[in-house]
Each structure stands twice: as C-alpha cells, then as structure tokens.
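S.K.: structure here, sequence nowhere to be found:
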C-alpha cells in the first residue's frame with residue numbers, strides 16, 4: 001500500500017515543512033508515502049535527505065476553467081505514466097492544501113477512482129476558494145487550526161477533522177542562556193506578505209522611537225523582501241536599521257543565532273515559524289494568532305494581532321525590563337500537544353478509514 005501526496009511549490013514554507021515532517025514520521029512512513037512535486041527545490045532536497053520517495057512532474061494550472069475542464073485529465077494520465085509501477089500500490093491521494101485539490105482529484109480518478117484526503121491550510125481561504133478548488137469533492141477533509149475549522153464547517157456537510165502541526169524530537173533544542181538586558185539585534189520572522197505584519201512592526205517601532213528619544217534603535221534582520229508598502233514606511237527617518245534576508249535556509253540554526261525574535265503576523269492557521277523559533281531556544285515575541293493563542297505564554301511576550309498600539313507597548317516594555325521567558329516550560333507544552341507522532345497518528349487514522357471504506 002502507498003499514499004500519494006500532492007504538493008505544488010517546493011520552496012521552504014509552512015506547508016512544505018509540515019509535509020516533510022509528516023511523511024518522515026513512523027505512522028506515515030510505514031505506508032510508503034510518495035510525494036508529487038511541480039519542480040525541484042527545498043522540499044525535494046529535504047525528501048532526498050530523509051529517504052522519502054518523490055516524483056517531479058510540472059503541474060497544470062488549475063485556476064483557469066478551461067484547464068480544469070480539458071487539461072487536468074490529460075495531465076493526470078501523463079503523471080500516471082511517469083509514476084509507472086508505483087501507481088499499482090497507490091490507495092489514496094492527499095492534497096496538501098486547497099490549491100492542490102483539483103490536481104489530487106484528477107489524479108485519483110485516473111488512478112482508479114481512489115479516495116482523496118485534502119488538508120486545508122491557508123488562513124485566508126474563503127468559501128469562494130473552497131468551492132472554486134472543488135474541496136468538497138474530496139472524500140475526507142482535515143483543516144489546520146480551530147478557527148479555519150469553524151469557518152469550513154459552514155461550507156460543507158462533511159465531518160472535518162482537525163490537523164494540528166507536529167514537531168520532531170530533534171527540533172526541541174536546549175534553551176539558550178538569556179542575556180541580562182534587551183539585545184540590540186533582533187530577527188523579524190515571517191515574510192513580506194501583508195498578513196505577516198511586517199508593516200505593523202515598523203509602525204510600532206516608529207511610534208516607540210517617537211515616544212522614547214533615549215532609545216538608540218535596533219538592528220532588525222527580516223526574513224523576507226522589500227515591498228512598496230514597506231519602503232514607504234522606511235522612507236521616514238528612523239534610528240533603527242533594517243536588513244532584508246530574503247528566504248533563508250536552515251531556519252532553526254539561523255534563528256538560534258539571535259537572542260531576540262519577533263513574529264508580528266496578523267493571521268495564522270497554526271503559526272509554525274514562531275514555534276520553531278521557541279523550539280530553537282530563542283526568546284520570541286509573538287502575536288496571539290494560531291496556536292500561540294492556545295498556549296500558556298507570558299503576557300509580556302504576546303500581543304493581539306494587528307494591534308500596533310499594543311505592540312508598541314510590548315516593545316518598550318521588553319527594552320526597559322527584558323523579563324525572563326521560561327522557554328523550557330513552553331517547549332514542554334508544545335511537546336505534549338504538538339509532537340509529530342500525534343499529528344501523524346491522526347492523519348493515519350483518516351487515511352485508514354478512507355482506504356478501508358473502498
């Protein structure tokens with residue numbers, strides 16, 4: 001028996017990192033997973049390192065109606081030929097987000113009307129997206145995060161299982177010695193996408209600088225690229241300095257180089273990056289969105305998403321007081337609830353139900 005996972009982009013991002021962990025876990029590895037990718041990239045390299053089978057075949061764009069009607073079945077036949085003998089053992093197809101749903105459905109039909117499990121991950125997904133990408137055609141649905149699960153329940157009569165991200169034991173690193181005072185260099189985690197809140201952080205830092213002329217400014221490294229909106233804000237004089245790192249490889253090792261990190265996101269289904277930063281042992285100020293809202297975190301290290309005034313207050317408080325954060329205790333919470341074995345067992349249960357139902 002084998003299960004085919006469909007993932008479009010191979011870049012290092014939340015969905016791809018989650019998939020790499022999932023297919024390397026014992027509950028999923030025991031059913032011989034195969035990952036289908038659009039192209040080579042970070043994910044194909046990671047799958048090679050961990051010994052997971054994968055195949056690369058360019059994807060059809062499923063956005064255009066003409067492609068969805070005429071192109072997907074032809075594409076699916078070509079993929080089946082490319083997979084060769086592997087096809088005979090495939091018992092289920094998994095879409096790794098809603099954008100992959102039409103592709104997974106076309107492949108499942110070509111491979112003998114196999115069942116489809118779709119994992120819905122995007123926090124901004126709308127009912128229109130759900131319908132446009134034929135998510136409800138899937139025989140089974142899992143959704144990342146309770147907030148998205150509640151919204152999705154209104155769009156379908158199907159039972160929707162909760163997908164909670166999981167982390168491997170090797171990712172739980174020893175906590176770092178905490179500096180006695182607030183560091184002068186920090187890492188801003190996320191990307192240039194508007195919902196990641198980089199502009200919120202810049203506005204909050206500008207307000208902090210206006211309120212406290214004695215604040216010398218921070219050196220801020222950002223894991224993303226510049227945008228027009230960001231440039232417009234940075235055109236104003238500031239004491240703080242900004243460096244844009246783009247996408248970075250080896251995220252846990254990189255974040256561990258810093259004594260202070262901030263994740264200012266406005267919305268997350270889960271919020272993997274700030275949890276990875278905490279697992280790396282780095283004190284992290286984060287917005288209360290995604291799973292961060294469900295953990296017992298000190299109030300001085302969290303703020304309401306999108307609330308610039310609250311973020312400004314937190315920045316000033318941390319600069320002045322730099323209160324300790326018990327990273328070991330937070331890691332214990334994460335291990336108890338979000339270990340990869342918990343996640344993989346839940347997914348395996350859904351797969352077994354689908355396959356045994358055939």
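M.R.: Perfect, I can see it now. Quick caveat: nothing in here was measured; it's all calculated off a predicted structure. Residues are numbered from 1 along each chain as shown.

S.K.: where do the strands of the chain begin and end?
M.R.: In the chain, the strands defined using DSSP state E lie at 2-7, 33-37, 53-56, 90-95, 116-120, 140-144, 160-163, 185-188, 219-222, 241-244, 261-263, 284-287, 302-303.

S.K.: could you find the closest non-adjacent residue to residue 131?
M.R.: The shortest distance from residue 131 to any non-neighbouring residue, by Cβ to Cβ, 6 or more residues apart in numbering, is to residue 155 (7.6 Å). All C-beta spots, glycine's among them, are computed from the backbone N, C-alpha and C.

S.K.: what sits against that neighbour?
M.R.: Applying Cβ atoms under 8 Å, 6 or more residues apart in numbering, we find residue 155 in contact with 127, 130, 131, 136.

S.K.: about what we covered before: of all the strands of the chain, which one comes closest to residue 331?
M.R.: For the strands of the chain, the distance to residue 331 is smallest for strand 284-287, at 11.8 Å, taking Cβ to Cβ.

S.K.: quick one: strands adjacent to the closest one?
M.R.: Sheet partners assigned to strand 284-287 using DSSP bridges are listed as strand 261-263 (parallel), strand 302-303 (parallel).

S.K.: name the residues that touch the longest one?
M.R.: The contact list for strand 261-263 (Cβ under 8 Å, 6+ apart) reads 186-190, 201, 255, 271, 273-274, 277, 282-287.

S.K.: distance from it to the middle of the chain?
M.R.: Put simply, strand 261-263 sits 15 Å off its chain's centre (Cα atoms, centre = their mean, to the nearest Å).

S.K.: what of the last one?
M.R.: Using Cα atoms, centre = their mean, the mean C-alpha position of strand 302-303 is found 20 Å from that of the whole chain.

S.K.: for the record, mean pLDDT for that strand?
M.R.: Averaging pLDDT along strand 302-303 gives 96.

S.K.: mind naming the longest helix for the chain?
M.R.: helix 340-357 (DSSP state H).

S.K.: now what about that helix, what contacts it?
M.R.: By Cβ under 8 Å, 6+ apart, the surrounding residues in contact with helix 340-357 are 1, 3, 21-22, 25-28, 31, 91-92, 94, 115, 117, 119, 139-140, 142, 161-168.

S.K.: recalculate using a threshold of 7 Å.
M.R.: With contact meaning Cβ atoms under 7 Å, 6 or more residues apart in numbering, helix 340-357 is reached by 3, 21-22, 25, 27-28, 91-92, 115, 117, 139-140, 142, 161, 164-168.

S.K.: going through those, which ones are buried?
M.R.: Buried residues within those, counting neighbours by 16 or more other Cβ atoms under 10 Å: 3, 21-22, 25, 27-28, 91-92, 115, 117, 139-140, 142, 161, 164-167.

S.K.: show me what contacts residue 331?
M.R.: Taking Cβ under 7 Å, 6+ apart as the criterion, residue 331 is in contact with 172, 278, 279.

S.K.: circling back: can you tell me which of the strands of the chain comes nearest to residue 332?
M.R.: Between the strands of the chain, strand 284-287 lies closest to residue 332; by Cβ to Cβ that is 16.0 Å.

S.K.: just the buried residues of the closest one, please?
M.R.: Within strand 284-287, the residues scored as buried using 16+ other Cβ under 10 Å are 284, 285, 286, 287.
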